[in-house]
Structure formats: C-alpha cells, structure tokens
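K.L.:
Sequence first, then the predicted structure:
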Amino acid sequence: MLLFCEYVIPEANRPAFAAWTKAGPEQWRGVELLENAGQPGVFVEIRRPKDEAEAADMEKERREGRSWREMESWAKGGREGVRIWLFLPAAL
C-alpha cells in the first residue's frame, strides 16, 4: 500500500519551500520526498500506511494538519494542485 502525493513548486517558490522543509523535519518523518529528475520542481511524497484507515488519516493530516496550508500557497494551482492517491497491491 502506498500513499502518493504530487505537486509542482515553481522556481520562484523553491527557496521558501526548501527552508520550510528543513525547518520542520518532524513533518517528514516516514515520508520519502522525491523530485522529478527530468522536470525540476515536480515533487512527490511517498508514504507507506499499514492499512486504508491509516492512509485516510495521513491524507486528512496532509490536507488539513499543521502548516501544510502554508506549503499549498507555494504549489502550482494551490490546494487543488496538491494531488493525493492511494495505491493498493494489484489483484491481477
């Protein structure tokens, strides 16, 4: 199970975003933050919830908790520009 959050941080907002991520390391505990090598500024957060209930809690916290609203002001498209998906193991 994987919770995947994707957004774009424009170059003009990158310094503020970088400072914010470094100022609150507790917000990133258990999160893998990656940047697209071919498209700088496209970031993904990868989280591994133990079940769907924990995934729902993670998404709620990501959208409503702590200082995430500050980060949304830097994301391209604002709040709507932060996309979150839950991926489950494929039952093929």
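P.N.:
Alright, I've got the coordinates. Residues are numbered from 1 along each chain as shown.
K.L.:
mind listing what's buried in the top helix by length along the chain?
P.N.:
Of all segments of type helix in the chain, defined using DSSP state H, the longest is helix 52-64. Across helix 52-64, burial judged by 16 or more other CB atoms under 10 Å covers 55, 58-59, 62. Using the backbone N, CA and C atoms, a C-beta is placed for each residue, glycine as well.
K.L.:
Run through the neighbouring helices and strands of it.
P.N.:
Secondary-structure packing of helix 52-64 (3 or more CB pairs under 8 Å, 6 or more residues apart in numbering; DSSP states H and E): strand 2-8, strand 42-47, strand 83-87.
K.L.:
on that earlier part again, closest one of the buried residues of helix 52-64 to Pro89?
P.N.:
Relative to Pro89, the closest of the buried residues of helix 52-64 is Ala55; by CB to CB it sits at 12.9 Å.
K.L.:
Select, out of the helices and strands packed on helix 52-64, the one closest to Met71.
P.N.:
Shortest distance between Met71 and the helices and strands packed on helix 52-64, using CB to CB, is found for strand 2-8: 8.3 Å.
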